[in-house]
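K.L.:
sequence first, predicted coordinates after that:
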Amino acid sequence: PSVIYLKDYQTPAFLVESTALRFELEEEQALVRSQVQYTRNPDSADRLRPLILDGHESLELHRLSIDGEVLNEQDYRRQGEQLIISELPDSFVLECVTRIEPQNNTALEGLYKSDGMFCTQCEAEGFRRITFYQDRPDVMAVFETTVVADKQSYPVLLSNGNNVDSGEEDDGRHWVRWQDPFPKPAYLFALVAGNLEFIEDQYTTASGRDVVLRIFAEAKDLDKLDHAMLSLKRSMQWDEQVYGREYDLDIFMVVAVDFFNMGAMENKGLNIFNTSCVLAHPETTVDTGFQRVEGVVGHEYFHNWSGNRVTCRDWFQLSLKEGFTVFRDAEFSADMNSRTVKRIEDVTLLRTAQFAEDSGPMAHAVRPASFIEISNFYTLTVYEKGAEIVRMLHTLLGEHKFRQGSDLYFKRHDGQAVTTDDFVQAMADVSGRDMTRFKLWYSQAGTPRVAVSGEYDAASQRYTLHMRQSCSPTPEMETKQPFLIPVAMGLLDQHGRDITLASGNTTEVLELVSTEQSFVFENIPVEPVPSLLRGFSAPVKLSFPYDQEQLVFLMQHDSDGFNRWDAAQQLAVSILQKLITDYQQGSPLVLDNALIDAYRLVMSDVSLDKAMVAKVLSLPSEAYLSELSDEIDVDAIYQVRKFVRQTLAKALESEFLSLYQSNCSGDSYSPDAASVARRSLKNLALSYLMATERTEYLALARDQFAQADNMTDSQAALSLVAHSVHEQAADELLEQFYQRWQNESLVVNQWLAIQAANTREAGLQRVEKLLTHPAYDASNPNKIRSLVAVFCAQNLPNFHNLDGSGYRFLADQIIVLNKQNPQIASRLLTPLTRWKQYSEARQSLMKAELERIGNSGDLSKDVYEVLSKSLA
Ligand code: B3K
Ligand code: ZN
């Protein structure tokens, strides 16, 4: 497979005026006729450049004509994924008829069937599985789409834009025609045909445009769409208020499908969603599920401006739309719920998964310089780190200038396909700042480290912060230039109050721009405790030599909620790390009282909101502890964390019990922030109580399971019992749960995931048995993620079993999926790609499995790229 480089970018040889598509959908095939009006690109100096169309090898070409004249085989060349036509006039209509087999499309890219309905997924390069086209985001056209299908099986026929015409044919078939007036790249094309029902609402935009809102699903799921509709209306309003962005078509549609490679897709006017990101009902959906629906509905809606109206010039610019849109959806969720908690969750994801990616073999810049398969670059780096870059711009410019920059960006580039440089330029233009150094965030991979130390001189009342930044080499980049790192900070006096700084503010943003830099603060009456990187103002690993007392002090007093939580994390991390060393040396494990005392303090602190308390009382995850390790000692991390949980549970048993009791309320279910917080605290308390292994708490959990009127409480209890030492109760509850929910596919996924994560011995055998359970479907990505991916990512002792069985299992799965669904196969590979970070014994087992995958036959580009980079 060949490598594609950003530096080789060339404008398209032809522009497209309009694209007309006609789909004849049948059970054994789909016939696609496209009529595309091309004109030679006036930008292009070379008047002889041929038309290069992309077309997947699965396309059966039936007819090709230019201005009505049929082409013969000598008039064009089909070469790999391309169809090349030379000696063309400056303007012409190319008609093309292809035959495809959606029913056999297991890659779920292009046009495929999900549970009996037709649907599409074209981003990034799926349109080339439908017809021959310049399948690149800088070719934008208006689309007209006619869909023809059997009326009884497919009563609903949808595409982008407005429904302009429809009719019946005499053979029981019917058709609908859609027109999308906004020019768009092919990756935003969508089509749906199926037996669907919908809920409808309407929204009037700020300027008075009435928009019809429809969310489609299978009839059985119609009662699970209200939360998505509410989230959609909130998103529309939020984008008007915060960004001044209005919706632009007369109708906005969302369709829920069961077979989907990712979460959702922002096709113009016709979003297609994985059921897991749109369906929500108190009886079947947990709180985090409700929040996910809100976040993803917002994300896809916000793409209408950041992605659709202004799109990417090429796929190296993916973060232009994804980073910005993730930042937008994060701010939306922060405004709808608890801002601090949302930040804690996002930073946790970044610090565990993105930092790990950035130090592994697939590390890449937010704007990568090359790729083999673009699907491999829908990553935490492009999305979450990309969002952090936009957040840093927001921090550096401030709310007001940032909004001016975003207004300028949308105005300047509406209807265009542009680059991350264009985005930053708009921010530079409104602020008058030179962004040259800042832009290194887009081109340099790796997580910068910032080592900070403080120095206080009582005589001169001067406090100095010394900072030093560095960034480890990453594949393809040995040395890095210093980044511009915004460090939001404050200084706390001996009472824990913020000291007012020279600027008159209590929080200042320091700009670290060189390798070493010092910042001086005058008139500081006492030696302060610094609060650094407030709100996590930059995606870096910052260290300061705090002692335990200072961390507890920050936990109690910092005015920045994020840093209060982070101080607790740092305290827990340092204690856990020391115990990990003790474990490795065979020393007895003794938990430092500092952590117990700190936990007790937090539980009695009435100033903290419940969601914060629940976050502070949660130990750093195994994944985070792994990311922080030079060599990941799976056993030590697992055993030590378990020991600490148990010791905390026993030492604070009565506190946890009263926390549990005081947060059990009889109110009926609501997914609002306060209720979510109460349930999370209650279930956290229950998890500690269960960790004591006392049977009375088993009874408590069983009661909660039996009485819960919502899935959050029911599932929390189930998972605690299922993972407890009480095996018989575990089996009983799992069986009851399955009997009750076997017809709710998404609930069954949770049931699979709970079992996949069970660390008790023989975990692999349990997972293998579930693979043959009627509830499992090896062609459905949601099932694969719930069972296989959860086992490999969350079941440390079983996946990393020293007999190599976990690794072998994953490799076997990947070998099958490589043919069936390359995107999912390549994602599943992640845990094995980190092989260099484990002990030698595990390294050689993991590497052997990677090599076995490599020798298993024809590799997809997706798997080939990840595999070869991991073994390099
Ligand atoms: N833009 C899509 C992702 C498409 C992934 C294709 N492999 C979802 C989103 O980020 O909104
Ligand atoms: Zn997106």
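P.N.:
Received it, and whenever you're ready, just let me know what you need. Numbering: from 1, shown residues only. Ligands and ions are numbered 1, 2, ... in the order given.
K.L.:
following element in sequence after the helix or strand harbouring residue 34, please.
P.N.:
Assigned by DSSP states H and E, residue 34 belongs to strand 30-40. Per DSSP H and E, the first helix or strand lying C-terminal to strand 30-40 is strand 51-54.
K.L.:
contacting residues for the closest residue to ligand 2 within the stretch 451-600 of the chain?
P.N.:
Among all residues of the stretch 451-600 of the chain, residue 539 sits closest to ligand 2, at 18.5 Å; criterion: CB to the ion. For the C-beta atoms, the positions are set from N, CA and C on the backbone; glycine is no exception. For residue 539, the contacting residues are 350, 354, 385, 388-389, 447, by CB atoms under 8 Å, 6 or more residues apart in numbering.
K.L.:
same check, this time on residue 626
P.N.:
356, 632, 634, 637, 837.
K.L.:
which one of these is nearest ligand 1?
P.N.:
Comparing those against ligand 1 with CB to the nearest ligand atom places residue 356 closest, at 20.5 Å.
K.L.:
now the closest one, nearest residue through space, not along the chain?
P.N.:
residue 627 (4.9 Å; CB to CB, 6 or more residues apart in numbering).
K.L.:
which phi and psi values does that neighbour adopt?
P.N.:
phi -60, psi -30 (degrees, to the nearest 10).
K.L.:
neighbours of it, how many?
P.N.:
By the criterion of other CB atoms under 10 Å, residue 627 has 23 neighbours.
K.L.:
renumber starting at 48 from here on
P.N.:
Happy to do that; since the first residue is 48 now, the last one works out to residue 674.
K.L.:
so how far is ligand 1 from it?
P.N.:
Noted for residue 674: a distance of 24 Å to ligand 1, by CB to the nearest ligand atom, to the nearest Å.
K.L.:
for residue 247, same thing?
P.N.:
24 Å.
K.L.:
same deal with residue 919?
P.N.:
24 Å.
K.L.:
isn't that residue up against residue 522?
P.N.:
Yes: under the criterion of CB atoms under 8 Å, residue 919 makes contact with residue 522 at 7.3 Å.
K.L.:
export the contacts of residue 673 to a markdown table and tack on secondary structure?
P.N.:
Formatted as a markdown table, those follow (DSSP: H, G, I helix; E, B strand; the rest coil):
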| residue | secondary structure |
| --- | --- |
| 403 | helix |
| 679 | strand |
| 681 | helix |
| 684 | helix |
| 884 | helix |
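K.L.:
which of these lies closest to residue 56?
P.N.:
residue 403 (30.1 Å; CB to CB).
K.L.:
number of nearby residues for the closest one?
P.N.:
Neighbour number of residue 403 under other CB under 10 Å is 23.
K.L.:
list the contacts for it?
P.N.:
Neighbours of residue 403 in contact, by CB under 8 Å, 6+ apart: 670, 673-674, 881.
K.L.:
now residue 528, nearest residue through space, not along the chain?
P.N.:
Using CB to CB, 6+ apart, the nearest residue to residue 528 is residue 487, at 5.7 Å.
K.L.:
the one you found and residue 600, how far apart?
P.N.:
According to CB to CB, to the nearest Å, residue 487 and residue 600 sit 35 Å apart.
K.L.:
over to residue 141?
P.N.:
71 Å.
K.L.:
more neighbours, these two?
P.N.:
Neighbours were counted for residue 141 and for residue 600 using other CB under 10 Å; residue 141 has more, 22 against 18.
K.L.:
any idea whether that one is helix, strand or coil?
P.N.:
Under three-state DSSP, residue 141 falls in the strand class.
K.L.:
and the pLDDT at the residue nearest to residue 777 when sequence neighbours are not counted?
P.N.:
Spatial nearest neighbour of residue 777, chain neighbours left out: residue 769 (4.6 Å); criterion: CB to CB, 6+ apart. Here the pLDDT value assigned to residue 769 is 98.
K.L.:
what's the burial count for residue 769?
P.N.:
22.
K.L.:
that one against residue 807, yeah?
P.N.:
No: Residue 769 lies out of contact with residue 807 (CB under 8 Å); the separation is 9.3 Å.
K.L.:
for residue 159, give me its contacts.
P.N.:
149, 152-153, 165-168, 306.
K.L.:
close to ligand 2: what parts of the chain are there?
P.N.:
Within reach of ligand 2 by CB under 5 Å from the ion, the chain has these residues: 369, 372.
K.L.:
domain parsing for the chain?
P.N.:
Domain segmentation of the chain under automatic domain parsing yields 51-335, 359-490, 497-594.
K.L.:
make CSV out of those and add mean pLDDT.
P.N.:
Listed next are the domains of the chain as CSV, based on pLDDT from 0 to 100:
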stretch, mean pLDDT
domain 51-335, 97
domain 359-490, 98
domain 497-594, 98
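K.L.:
select, out of those domains, the one closest to residue 765.
P.N.:
Evaluated with CB to CB, the domains of the chain place domain 51-335 nearest to residue 765, the distance being 10.9 Å.
K.L.:
gap between that closest one and the chain center?
P.N.:
Distance of domain 51-335 from the chain centroid (CA atoms, centre = their mean, to the nearest Å) equals 23 Å.
K.L.:
any chance of a markdown table for the contacts of residue 403, columns secondary structure?
P.N.:
Shown next, in a markdown table, are those (three-state DSSP):
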| residue | secondary structure |
| --- | --- |
| 670 | helix |
| 673 | helix |
| 674 | helix |
| 881 | coil |
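K.L.:
okay, now the residue of the chain at minimum distance from ligand 1: neighbour count?
P.N.:
As assessed by CB to the nearest ligand atom, ligand 1 sits closest to residue 170 within the chain, at 4.1 Å. The local packing of residue 170 (other CB under 10 Å) involves 25 other residues.
K.L.:
again, but for the one 3 residues further on
P.N.:
Here the neighbour count serves as a burial measure; for residue 173 (other CB under 10 Å) it reads 25.
K.L.:
the one 5 residues further on too?
P.N.:
Residue crowding around residue 178 was assessed by other CB under 10 Å; the count is 27.
K.L.:
how about the residues of the stretch 348-497 of the chain near ligand 1?
P.N.:
With CB under 6 Å from any ligand atom as the criterion, the stretch 348-497 of the chain meets ligand 1 at residues 350, 369, 422, 425.
K.L.:
so the third one, which of the three states?
P.N.:
Right, residue 422. helix.
K.L.:
still on that earlier bit, closest one of the contacts of residue 673 to residue 542?
P.N.:
residue 684 (37.7 Å).
K.L.:
which residues touch that closest one?
P.N.:
Contacts for residue 684 (CB under 8 Å, 6+ apart) come out as 627, 669, 672-673, 676, 843.
K.L.:
any idea how far apart the tips of stretch 879-896 sit?
P.N.:
8 Å (CA to CA, to the nearest Å).
K.L.:
and the contacts of it?
P.N.:
403, 407-409, 673, 676-681, 847, 849, 851, 854-855, 857-858, 897, 913, 916-918.
K.L.:
swap the cut-off to 10 Å and go again
P.N.:
The set of residues external to stretch 879-896 that reach it, using CB atoms under 10 Å, 6 or more residues apart in numbering, is 403-404, 406-409, 673-674, 676-682, 839, 847-859, 861-862, 873, 878, 897, 900, 913-914, 916-918.
K.L.:
again with stretch 653-660
P.N.:
So stretch 653-660 is in contact with 384-385, 387-389, 391-392, 602-603, 608-609, 611-612, 615, 646, 649-650, 652, 661-663, 706, 710, 720-729, 731-732, going by CB under 10 Å, 6+ apart.
K.L.:
just the ones of the contacts of residue 159 in strands?
P.N.:
Counting by DSSP state E, those place 165-168 in strands.
K.L.:
which of the residues you listed sit farthest apart?
P.N.:
The widest separation within the ones in strands among the contacts of residue 159 (CB to CB) is 11.6 Å, between 165 and 168.
K.L.:
between those two, what contacts are shared?
P.N.:
In contact with both residue 165 and residue 168: 158-159, 304, using CB under 10 Å, 6+ apart.
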